[in-house]
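> Pasted the sequence and its predicted model underneath.
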Amino acid sequence: APTDHFTGLGETPDVPEVLRWTGRLKNKHLTKAATDKAVKALFRKRAQENAKEGQSSPTNYWTTLFNYASQQTGSRQGYTEWAYSFVDALKKYQEDYTIRSFLYILEGEMDDEVYYKGLTL
């Protein structure tokens, strides 16, 4: 059953910066369309960052997510709620190839090159 609140994963270094929070956060219940739009924007943003840095690693996707989320809303609680809601939505809508790919890349289970190769097939 969908939850209306998340419990923060804490503030330790092993938690991606965008998810660092202690206490409860509201679930924004992102729609599939909103999730898909954000995923595509994040892939574009990551490609731009890669062009600048000339490298890719899964941890950088968390950084990209942090940069993207913090641009969506000014407050730390606002962007952290959005990030938790977004990760929740990735899991909920993972029957979609693009959404599932982003989830796997974030979790370090897939390299983004695999996703891009899948698109060109």
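That came through, no problem. Residues are numbered from 1 along each chain as shown.
> In the longest helix anywhere in the chain, which residues are buried?
The longest helix of the chain (DSSP state H) is helix 32-53. Buried residues in helix 32-53, defined by neighbour count with 16 or more other CB atoms under 10 Å: 35-36, 38-39, 42-43, 45-46, 49. Yep, even glycine has a C-beta here, placed from its N, CA and C like the rest.
> same thing with stretch 17-36?
18-21, 25, 28, 30, 35-36.
> The residues you listed in helices, which ones?
Counting by DSSP H, the buried residues of stretch 17-36 place 35-36 in helices.
> between the buried residues of stretch 17-36, which is closest to Gly8?
Using CB to CB, Trp21 comes nearest to Gly8 of the buried residues of stretch 17-36, at 3.2 Å.
> How about that closest one, nearest residue that isn't a chain neighbour?
Gly8 (3.2 Å; CB to CB, 6 or more residues apart in numbering).
> how many neighbours does the one you found have?
Counted with other CB atoms under 10 Å, the neighbours of Gly8 add up to 16.
> So it sits against Arg24, correct?
Yes: contact status for Gly8 versus Arg24: in contact at 7.4 Å, counting by CB atoms under 8 Å.
> Tell me the first helix or strand C-terminal of the longest helix of the chain.
For helix 32-53, the following helix or strand on the C-terminal side (DSSP states H and E) is helix 58-72.
> Tell me where the model's unsure across this protein.
Along the chain, segments meeting pLDDT under 70 span 1-2, 53-59, 120-121.
> who's in contact with the nearest residue to Leu65 once chain neighbours are set aside?
Nearest residue to Leu65, sequence neighbours excluded (CB to CB, 6+ apart): Val18, at 5.3 Å. Neighbouring residues of Val18 by CB atoms under 8 Å, 6 or more residues apart in numbering: 62, 65-66, 69-70, 79-80, 83.
> Alright, I will stop here.
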